[in-house]
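Chemist: Provide a 3D model corresponding to the input given below.
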Amino acid sequence: MLAKGKYHFGPITNEDEIVTDTLSEDMKVEHLIVDEFETRIDFLNNGVLPDPRIMIPQIQTMDVFDDDIFICAFMKCGTHWLWEMVQMIVNGKAEYFSKAKECCTMEFHLPDEYSDFQRPRIFNSHFTPKCLPKQAYEKKCKLIIIERNPKDIITSQYHHWKLLFPQIALPWSDFLKSVYTNDRNINSNWFFYRKKWSDFLSSSNNPCLVLRYEDIKQKTLQSLFTLSDFLGYPREETFLKEIQEKCSLDKMRDMEKLRESGTDIINSDQVSKLYRKGAVGDWKNHFTVAQNEQFETLLEKKMNGEQVNFTYEL
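Modeler: Purely as a prediction, here's the structure:
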């Protein structure tokens, strides 16, 4: 059970949209949906997350600076990894931030909690474009979007679930079924999330950089050069190699144990354990042949003819 947090969650009303996610025959989870954003009600009741009925409108209307940076990704796409790289590039020091990236995860905080942050502020989020601050678009803030092959995303999500809820036995097949049957227009539905960002990128005039997790993994130094140039902080190769070393999986896993998690929803030890394998192709250790065929059929249907060459193994 999570400890009582600092946020107040108001009563549910008839105007609120509540959905029940059936994870297995014995487990059902209630969610509150606000503007394409879905939150578990038990997290809200514990006060570890802000009430989205208050948070989302405040974020959408919050003041931003034109040098604010937004890292946007579906969950389990390497946000921790990239956020650490970006803050090192921007600050010009290959030193870990005093808190984990959750301190700047927009869905974990109310906007006034960022008032004392040093500029440029480096935010990260799993929001769809609709939930981000309107001023981020008006002021042409820089956006970095991370993509990853969906099979590894699902696999990593499953292990994330087991880490957060070790007391709940959720078979892989039940988890996979819950993913396949999630057809809600929310940020936790990868197909919906990706379409919203694809539509945004095709029409936005914001400076946007799209990176793929597999490319960062395979060509880390080249990706760091790309990042530094995009951000307007060109750095020497020696410095970028130092960042590459500091942001290795093992070093980041060990480092997370030693600093504040940045939020009540997860502690430092749990953040550390989120760095599990970081591998490309781990999905093959989980998907059966039949499950893979089922996913391929679903992917073809949902992508509606869009040709996306995901990298499923290296």
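
Chemist: okay, strands next: where are they in the stretch 201-314 of the chain?
Modeler: Applying DSSP state E, counting those that start in this stretch to the stretch 201-314 of the chain gives strands spanning 208-212.

Chemist: low-confidence regions, it specifically.
Modeler: Applying pLDDT under 70 to the stretch 201-314 of the chain flags the ranges 257-277, 305, 307.

Chemist: 90 - rerun?
Modeler: Scanning the stretch 201-314 of the chain for pLDDT under 90 picks out 247-280, 300-309, 314.

Chemist: so Asp42 touches Val29, yeah?
Modeler: Yes: the pair Asp42 and Val29 passes the contact test of CB atoms under 8 Å, sitting 7.4 Å apart. Glycine gets a C-beta too; all of them are placed from N, C-alpha and C.

Chemist: in contact with Arg121, which residues?
Modeler: By CB atoms under 8 Å, 6 or more residues apart in numbering, the contact list for Arg121 reads 65, 67-69, 104, 114.

Chemist: tell me the contacts of the spatially most central residue of the chain?
Modeler: Central residue of the chain (CA atoms, centre = their mean): Met75, 3.5 Å from the mean position. Contacts for Met75 (CB under 8 Å, 6+ apart) come out as 126, 153, 157, 160, 188.

Chemist: let me know the helix or strand that it is in.
Modeler: Met75 belongs to no helix or strand when elements are defined using DSSP states H and E.

Chemist: can you pull out the helices in the chain?
Modeler: Using DSSP state H, the helices of the chain run over residues 41-45, 52-60, 79-91, 134-138, 150-164, 172-180, 190-203, 213-218, 220-231, 237-246, 249-256, 268-273, 289-302.

Chemist: quick one: contacts of the last one?
Modeler: Outside helix 289-302, the residues within contact range by CB under 8 Å, 6+ apart are 150-151, 173, 176, 180, 191, 287.

Chemist: and if you look at the fourth one?
Modeler: Residues lying outside helix 134-138 but in contact with it, judged by CB under 8 Å, 6+ apart, are 60-64, 68, 70, 141, 143, 204, 206.

Chemist: and the first one, by the same measure?
Modeler: Contacts made with helix 41-45 from outside it, assessed by CB under 8 Å, 6+ apart, are listed as 2, 7, 9, 12, 18, 29-32, 49, 51-52, 265.

Chemist: and which of those is nearest to Asp250?
Modeler: Proximity of the contacts of helix 41-45 to Asp250 (CB to CB) peaks at Ile265, which lies at 24.7 Å.

Chemist: tell me the confidence at the closest residue to Asp63 other than its chain neighbours?
Modeler: Using CB to CB, 6 or more residues apart in numbering and skipping residues adjacent in sequence, the residue nearest Asp63 is Gln135, 6.4 Å away. pLDDT, Gln135: 98.

Chemist: next one: the one 3 residues further on
Modeler: Here the pLDDT value assigned to Glu138 is 97.

Chemist: give the contact list for Asp282.
Modeler: Counted by CB under 8 Å, 6+ apart, Asp282 has contacts 152, 155-156.

Chemist: lovely, talk soon.
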